[in-house]
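Student: prediction below, plus the sequence it came from.
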Amino acid sequence: MSEFPKEFLWGGAIAANQYEGAWLEDGKKPNVTDVLVGILSKDPGIAWNEETKKYEMKLNPEKVYLSHDAVDGYHRYKEDLKMMAEMGFNSFRTSIAWGRIFPNGDETEPNEAGLRFYDEFFDTLNKLGMAPVITLSHYETPLHLLTEYGGWSNPKLIEFWMRYVKTVFERFKGKVKIWLTFNEVNALFRMPFVAGGVLTIKNPKDPDSPLASTTKQDQWDAYHNLLVANALTVQACHSIDPESKIGCMMTASAIATYPYNCDPDNVLGALDVQRKSVFYMADPMCLGIIPSYLKSVWKEEKVTVHFTEEERKLIRENTVDLLSFSYYRSTTYEKGTNLKVDTGGVACKENPFLQDKAPQPWGWPVDPSGIRYTLNVLYDRYHLPLFIVENGIGLDESLNKEDTIEDDFRIHYIQKHLENVQKAIELDGVDCMGYLYWGPIDIVSAGTGEMKKRYGFVYVDRFNDGTGDLHRAKKKSFDYFKHVIETNGKEL
Ligand code: BGP
């Protein structure tokens with residue numbers, strides 16, 4: 001195989017809430033992920049207040065909320081980014097924590113300290129030769145917007161959001177040339193609280209379990225509002241900074257949903273998973289259309305979803321410039337078998353044809369061909385530049401005596417996935433603009449909120465119980481990925 005295209009973007013991706021820590025520093029206020037660990041374990045994270053008839057933050061002081069300090073990126077990013085540059089990254093993805101700029105989300109004036117922090121962050125990236133790829137919201141809706149307004153099911157969020165995005169487009173014009181709107185926005189229905197930023201606060205059925213009580217109608221209202229917000233964001237970005245590009249961001253693992261066998265019911269079922277997991281969101285954002293099959297979904301779920309003619313026009317006329325996505329794994333589909341979901345995607349019956357068994361307890365299947373399949377399906381459907389902004393493997397690892405980790409399986413994982421990306425570009429003609437490895441430095445896991453699930457080329461000394469001296473150490477994969485970039489993918 002030959003090299004990757006000359007302009008190919010090589011790098012890594014993280015998110016503010018999983019990396020920065022400093023959760024209440026310089027004016028920032030809590031966002032949805034800051035309470036998630038509590039909510040997932042009913043411990044409780046947020047609690048219903050009978051007097052105010054609202055949810056409010058309630059943390060258990062005995063519990064470790066790792067995201068609050070994360071890996072202290074807020075204070076250490078300059079050193080960390082130097083290591084990323086040492087690997088030869090020419091691009092780097094992170095997010096802006098919305099709550100650093102508008103702490104509660106509904107203020108009219110931005111927080112200057114937050115803007116200054118990202119000014120310096122993006123300057124550092126540019127100086128080190130890494131193009132900033134910036135997600136506007138990576139599971140980071142300010143908590144106040146959920147407890148006070150019910151989150152994205154409320155159309156008021158569009159107004160607050162637009163104030164935020166216009167502020168950052170204007171402030172970082174020229175410094176950021178690639179923007180992504182909402183991280184894995186199509187995970188709205190499987191993770192309504194974090195990915196959708198939705199909370200039902202009108203007469204909750206189960207006040208102790210806010211996640212379970214989020215209604216379908218609220219989730220579909222959020223769908224409507226997020227699509228309008230996405231189109232308005234694309235429009236604002238194009239008018240404020242015509243030089244920059246803006247994309248949407250999908251969790252695309254569910255594209256690689258294979259019928260378990262040739263039973264036509266399984267073939268149709270697999271298509272249904274693709275539609276309900278990815279296309280239902282990507283079609284409006286990339287093609288400007290609201291898919292027709294949604295009508296029967298709305299009927300079945302007894303919800304009312306209405307787009308005005310004006311909104312349909314807005315969505316039609318403001319589609320994204322590129323489609324970015326995460327790919328971690330594939331799944332099978334067999335009728336009658338339950339689908340399980342988590343941050344990585346959906347899972348059904350084990351695929352007996354997959355060769356690799358990853359040494360990880362989280363059970364995410366490893367399927368490198370799935371990334372080629374996903375690239376092809378998305379390119380055939382959208383004909384837009386595609387950007388892999390997340391792919392990686394989380395492993396349970398510890399340092400050896402030499403203060404390093406021999407992470408051979410990670411090297412193998414990347415090699416096999418990149419071989420398939422290369423085939424998609426060279427043999428299938430897919431326009432793929434880059435590959436950003438997820439979690440080039442160990443950070444807090446989005447799905448489980450723990451440190452134990454490590455993705456990094458760089459180890460960070462922090463553990464699930466909150467201990468650790470936070471020192472950084474290079475793993476074996478650091479030099480591997482550096483070599484891949486040096487040879488522009490010729491030597492994998
Ligand atoms: C994606 C998220 C990331 C990330 C990754 C890995 O869904 O966009 O934020 O963390 O998955 O998931 P996890 O951290 O649960 O292993």
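Tutor: Arrived safely. Numbering: from 1, shown residues only.
Student: quick one: contacts for whatever residue of the stretch 251-400 of the chain ends up closest to the ligand?
Tutor: Per C-beta to the nearest ligand atom, Thr343 is where the stretch 251-400 of the chain lies closest to the ligand, at 3.6 Å. From N, CA and C alone the C-beta is placed, and that goes for glycine too. Neighbour list for Thr343: Ala187, Met191, Thr251, Ser445, Ala446, Gly447 [criterion: C-beta atoms under 8 Å, 6 or more residues apart in numbering].
Student: inside strands: which ones of the residues you listed?
Tutor: Among these, the ones falling in strands (DSSP state E) are Thr251.
Student: of the contacts of Thr343, list those near the ligand.
Tutor: Thr251, Ser445, Ala446, Gly447 (C-beta under 6 Å from any ligand atom).
Student: of all these, which two lie farthest apart?
Tutor: With C-beta to C-beta as the measure, no two of the ones next to the ligand among the contacts of Thr343 lie farther apart than Thr251 and Ser445, at 14.8 Å.
Student: which one of those two is surrounded by more residues?
Tutor: A count of neighbours by other C-beta atoms under 10 Å puts Thr251 above the other of Thr251 and Ser445, at 26 against 21.
Student: where's that one relative to Ser326, distance?
Tutor: Here the criterion is C-beta to C-beta, to the nearest Å. By it, Thr251 lies 5 Å from Ser326.
Student: same question, Glu62
Tutor: According to C-beta to C-beta, Glu62 and Ser326 sit 33 Å apart.
Student: of the two, which one has the most company?
Tutor: Shown here are Glu62 and Ser326; by other C-beta under 10 Å, Ser326 has more neighbours (24 against 6).
Student: test my guess that that one contacts Ile255.
Tutor: No: Ser326 is not in contact with Ile255 according to C-beta atoms under 8 Å; the separation is 10.9 Å.
Student: show me the common contact partners of the two, please.
Tutor: Between them, Ser326 and Ile255 share no contacting residue, judged by C-beta under 8 Å, 6+ apart.
Student: on that earlier part again, and the contacts of Thr343, which is closest to Arg312?
Tutor: Lowest distance from Arg312 to these (C-beta to C-beta) belongs to Ala187, with 24.2 Å.
Student: burial count for the closest one?
Tutor: Neighbourhood size, Ala187 [other C-beta under 10 Å]: 25.
Student: OK, contacts around the nearest residue to it once chain neighbours are set aside?
Tutor: Distance criterion C-beta to C-beta, 6 or more residues apart in numbering; nearest residue to Ala187, sequence neighbours excluded, is Ala195 at 3.7 Å. When contacts are counted by C-beta under 8 Å, 6+ apart, Ala195 touches Tyr139, Asn183, Glu184, Val185, Ala187, Leu188.
Student: columns pLDDT on top of the residues you listed, output as CSV?
Tutor: Output for the contacts of Ala195, formatted as CSV (pLDDT from 0 to 100):
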residue, pLDDT
Tyr139, 96
Asn183, 98
Glu184, 97
Val185, 98
Ala187, 96
Leu188, 96
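Student: for the protein, which residue gets nearest to the ligand?
Tutor: Residue nearest to the ligand within the chain: Gly447 (2.5 Å; C-beta to the nearest ligand atom).
Student: I figured that residue hits Val341, correct?
Tutor: No: between Gly447 and Val341 there is no contact under C-beta under 8 Å: 10.2 Å.
Student: does the closest residue to Leu199 other than its chain neighbours count as helix, strand or coil?
Tutor: Leaving aside its sequence neighbours, Leu199 sits nearest to Leu146 (C-beta to C-beta, 6+ apart; 4.1 Å). Using DSSP: H, G, I helix; E, B strand; the rest coil, the structure places Leu146 in helix.
Student: so who does Leu146 touch?
Tutor: Applying C-beta under 8 Å, 6+ apart, the residues near Leu146 are Val32, Tyr55, Phe193, Gly197, Val198, Leu199, Ile201.
Student: same thing but 7 Å
Tutor: By C-beta atoms under 7 Å, 6 or more residues apart in numbering, the residues touching Leu146 are Val32, Gly197, Leu199.
Student: number of residues surrounding Ala47?
Tutor: Neighbour tally, Ala47, other C-beta under 10 Å: 16.
Student: how near is Tyr65 to Pro44?
Tutor: Using C-beta to C-beta, one gets 12 Å for the distance from Tyr65 to Pro44.
Student: centroid-nearest residue for this protein?
Tutor: Asn183 (3.8 Å; C-alpha atoms, centre = their mean).
Student: what about Phe117, helix or strand, and which?
Tutor: Phe117 is part of helix 112-127, with elements assigned from DSSP states H and E.
Student: state the mean pLDDT of stretch 377-394.
Tutor: Mean per-residue pLDDT for stretch 377-394: 98.
Student: mind checking if that stretch is in reach of the ligand?
Tutor: Yes: against the ligand, stretch 377-394 shows contacts by C-beta under 6 Å from any ligand atom at Glu390, Gly394.
Student: the very next helix or strand once past the helix holding Phe117 pairs with which strands, parallel or anti?
Tutor: Proceeding N to C from helix 112-127, the next assigned helix or strand is strand 131-137, under DSSP H and E. Here strand 131-137 has these sheet partners by DSSP bridges: strand 91-95 (parallel), strand 178-182 (parallel).
Student: so strand 131-137, near the ligand or not?
Tutor: No: Strand 131-137 stays clear of the ligand (C-beta under 6 Å from any ligand atom), getting no nearer than 8.8 Å.
Student: what's in contact with that strand?
Tutor: For strand 131-137, the surrounding residues in contact (C-beta under 7 Å, 6+ apart) are 9, 15, 90-96, 98, 122, 125, 165, 175-183, 249, 389, 436.
Student: report the angle between it and helix 112-127.
Tutor: Per axes from the mean of the first three to the mean of the last three C-alpha atoms, to 10 degrees, the angle that strand 131-137 makes with helix 112-127 is 150 degrees.
Student: with just CA atoms, put strand 131-137 into CSV.
Tutor: C-alpha atoms of strand 131-137 as CSV (Å, rounded to 0.1, in the frame of the first residue of the first chain):
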residue,chain,number,x,y,z
ALA,A,131,-4.7,22.4,13.8
PRO,A,132,-7.4,22.7,16.5
VAL,A,133,-10.5,20.6,15.7
ILE,A,134,-13.0,21.9,18.2
THR,A,135,-16.2,20.2,19.3
LEU,A,136,-18.7,22.8,20.5
SER,A,137,-20.4,20.4,22.9
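Student: next up, the contacts around the spatially most distant residue from the centre of the chain.
Tutor: Computed with C-alpha atoms, centre = their mean, the residue of the chain farthest from its C-alpha average is Glu51, at 35.8 Å. Glu51 makes no contacts at all, as judged by C-beta under 7 Å, 6+ apart.
Student: how near is it to Pro44?
Tutor: In terms of C-beta to C-beta, Glu51 sits 17 Å off from Pro44.
Student: list just the nearest of the ones next to the ligand among the contacts of Thr343 to Glu25.
Tutor: Checking the ones next to the ligand among the contacts of Thr343 one by one against Glu25 (C-beta to C-beta), the nearest turns out to be Ala446, at 21.0 Å.
Student: quick one: the closest one and Gln18 touch, right?
Tutor: Yes: counting by C-beta atoms under 7 Å, Ala446 touches Gln18, with 6.1 Å between them.
Student: noted, bye for now.
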